[in-house]
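just coords:
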């Protein structure tokens, strides 16, 4: 059987065209990748892709890329964005564009703290590839996502400001974000692995399975208006994502 491709996975989503560019420490490069795993563990064949990297003395780290893991880990939040949606972290702009294309979304506020990222995405004309109606919804704000406060109601938040799917302070960050913004619904990158970490902590070990009742209880315990699909197989998908993407350290969830 032929492996699904990135184009198959992204059907129905807007993926802009990228060309190489650089501003300050940030670069966008294009490359060819033979295959890559998705967020839920399936493998996809790839062709051209683009990567956003940050250079520092003696090091370079990829922060975002147009690969199956990124697409599958962001589309849950994209699919439920509505009203006034706040996107924390500009990234490569494709998530912002997909939120703006939703008929259910009236306006999009993008909070990005690094002016070089704003300049890079602006210089590459990423949002110029959107229809005018969607482009007109987008407002860019240069500010810190962890301290920014809106001046009007926010209906949904999509947050992606972290370098890794799992980070020690992520729950604290998300609580700070919600405390400042007070959104009706919230989705953040790596949410499924962070929920699984709470499941493991409660159980005292890494369980083989996750049932819906346990997931719902863990979500409620966060006190956050998290977006969690009600699909019957979603708990199993969380376990699959953890098996694929969780840190390799023993007892990483402690």
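That came through, no problem. Being a predicted model, the structure only gives us computed values, none of them experimental. Numbers count the residues shown, from 1 in each chain.

so where's this protein uncertain?
The model of the chain has pLDDT under 70 over residues 1-2, 57-59.

so where do the helices sit in it?
Ranges of helices in the chain, per DSSP state H, are 6-9, 68-80, 94-100, 115-123, 132-135, 170-181, 191-203, 212-222, 234-245.

packing partners of the first one?
Put plainly, it is helix 6-9. strand 43-45, helix 68-80 (3 or more Cβ pairs under 8 Å, 6 or more residues apart in numbering; DSSP states H and E). Bear in mind the C-beta positions are built from the backbone N, C-alpha and C, glycine included.

buried set for that helix?
6, 9 (16 or more other Cβ atoms under 10 Å).

look up how far residue 122 lies from the nearest residue to residue 115 once chain neighbours are set aside.
Distances taken as Cβ to Cβ, 6 or more residues apart in numbering place residue 142 nearest to residue 115, at 5.8 Å, with adjacent residues excluded. Shown here: residue 142 relative to residue 122, a distance of 12 Å by Cβ to Cβ, to the nearest Å.

before we move on, back to that, against residue 25, how distant is the residue nearest to residue 115?
The spacing between residue 142 and residue 25, counted by Cβ to Cβ, is 16 Å.

now for the helices of the chain, which one comes closest to residue 52?
With Cβ to Cβ, the closest approach to residue 52 among these belongs to helix 115-123: 8.0 Å.

which residues are contacting the closest one?
Residues outside helix 115-123 that contact it (Cβ atoms under 8 Å, 6 or more residues apart in numbering): 21-28, 90-93, 112, 127, 140, 142.

and the closest residue in space to residue 153 that isn't next to it in sequence, what does it touch?
Counting by Cβ to Cβ, 6+ apart, residue 84 is the residue found nearest to residue 153 once chain neighbours are left out, at 6.2 Å. Contacts of residue 84 were listed using Cβ under 8 Å, 6+ apart, and they are 106-109, 150, 152-156.
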